[in-house]
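S.K.: okay, here's the prediction I keep looking at, along with the sequence it came from:
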Amino acid sequence: MPSIHPDSLSPFARASLALAQEFTDLSTLADQLSSTKLDSDNGLDESLKLLNRAAQTGEALAQAMQEFSTTLQEAREKAEASAKIVADRAQNIQQRRQAQGDLQEKMDRLKEEVKTLGATVASQPATIALTEDDKRKIAQELERLQEPMRKFIESAQAVKAEAGAKNFKRIERQADSMIDSLQASQRKIAQAIAPK
């Protein structure tokens with residue numbers, strides 16, 4: 001078993017060890033005192049020495065108990081302060097996690113709305129030979145998409161700004177990617193409906 005270096009211990013642990021040592025010393029002295037013979041001069045002298053040491057040990061024990069009590073109180077106060085920090089931090093973490101979840105939910109809803117719009121556009125029947133009337137209707141339909149696209153881009157920019165302000169980098173990157181994609185689609189639509 002490795003030896004314990006008192007300097008590596010906390011004040012509470014050092015006080016505990018000192019108190020334990022004083023209890024051990026007093027117990028040893030009590031055993032020695034109970035076994036000395038009082039019927040001889042040497043035995044009496046030895047008993048008086050042991051009694052004197054026991055009195056000193058009693059004083060040291062009282063001092064060790066006082067130090068232990070003080071360090072126990074300090075350790076308790078430190079533990080209470082640490083518990084309060086943990087509780088406060090846990091609340092902050094929960095609030096931040098909730099904010100992140102709410103923002104991710106906004107992002108997911110926006111993705112779903114864009115996906116739904118994309119599916120609607122993709123479901124339009126494609127004709128091999130388009131008449132001028134078909135082309136005009138398609139151009140009108142594409143033009144009608146410009147406003148929802150603009151709103152999606154604004155919503156994605158708002159999510160990106162909020163994510164950036166709250167330092168949610170992953171959501172900010174998702175929003176940025178969506179903005180790039182929507183802007184590219186918007187440019188394609190603009191090119192498709194531009195007069196030839």
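M.R.: Structure's in. What do you need? Numbering: from 1, shown residues only.
S.K.: okay, now the domains of this protein?
M.R.: The chain breaks down by automatic domain parsing into domains covering 7-85, 124-193.
S.K.: want to throw those into CSV with mean neighbour count?
M.R.: For the C-beta atoms, the positions are set from N, CA and C on the backbone; glycine is no exception. CSV is the format used below for the domains of the chain (neighbours: other Cβ atoms under 10 Å):
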stretch, mean neighbour count
domain 7-85, 14
domain 124-193, 14
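S.K.: could I get these as TSV with mean pLDDT and distance to residue 105?
M.R.: Formatted as TSV, the entries for the domains of the chain read as follows, by pLDDT from 0 to 100; distance: least, Cβ to Cβ, whole Å:
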stretch	mean pLDDT	distance to residue 105
domain 7-85	88	30
domain 124-193	83	10
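S.K.: dump these into JSON lines; add distance to residue 109 as well.
M.R.: Below are the domains of the chain laid out as JSON lines (distance: least, Cβ to Cβ, whole Å):
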{"stretch": "domain 7-85", "distance to residue 109": "36"}
{"stretch": "domain 124-193", "distance to residue 109": "9"}
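S.K.: closest one to residue 114 among these?
M.R.: Nearest of those to residue 114, taken as Cβ to Cβ: domain 124-193 at 5.5 Å.
S.K.: and the closest one, how far out from the chain middle?
M.R.: 38 Å (Cα atoms, centre = their mean, to the nearest Å).
S.K.: and what of stretch 9-20?
M.R.: In terms of Cα atoms, centre = their mean, the centre of stretch 9-20 is found 32 Å from the chain centre.
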